[in-house]
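Chemist: Give the three-dimensional model of this entry:
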Amino acid sequence: MLAKRVVAAVVGGMLFAAAGVAVAGNFSSDHQVDFFAKGTHQFYVWCSGSHDYVATAEGSNAEDAQMKLYNAAKASGKAACWPVWQGRVAG
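Modeler: Model (predicted):
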């Protein structure tokens, strides 16, 4: 009787762990897909010596949008700012 309970507890624990891994895998893959997706991307713009801010930019992927935002900040005299990707904004 005790052996059956132990086996049931072990099997239940393994199923619970497998479900947790599956859910965590879905979250990370969605985030990776968003990075490479075309659309509007949100960035936290970190600035050395001035105020940080949040901005969005359109791009073919997050890197493209990041460079567009960086070049715009640099052109406006904020050369010491760097956009850090936060995620893709649903359009």
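
Chemist: quick one: low-confidence ranges for the chain?
Modeler: Under the criterion pLDDT under 70, the flagged ranges of the chain are 11-30, 91.

Chemist: now the helices for it?
Modeler: Remark: helices assigned in the chain by DSSP state H are 2-36, 62-75.

Chemist: How far away from the center of its chain is the shortest one?
Modeler: It stands for helix 62-75. Chain-centre distance of helix 62-75: 18 Å, with Cα atoms, centre = their mean, to the nearest Å.

Chemist: who does that helix touch, helix- and strand-wise?
Modeler: helix 2-36, strand 39-47, strand 53-59, strand 81-89 (3 or more Cβ pairs under 8 Å, 6 or more residues apart in numbering; DSSP states H and E). Where C-beta positions appear, they are placed from N, C-alpha and C, glycine not excepted.

Chemist: Name the residues of it that are buried.
Modeler: A62, A65, Q66, K68, L69, Y70, A73 (16 or more other Cβ atoms under 10 Å).

Chemist: Among those residues, which one sits closest to G87?
Modeler: Within the buried residues of helix 62-75, proximity to G87 (Cβ to Cβ) peaks at A62, which comes in at 8.7 Å.

Chemist: In contact with the closest one, which residues?
Modeler: D34, F35, F36, H41, W85, R88 (Cβ atoms under 8 Å, 6 or more residues apart in numbering).
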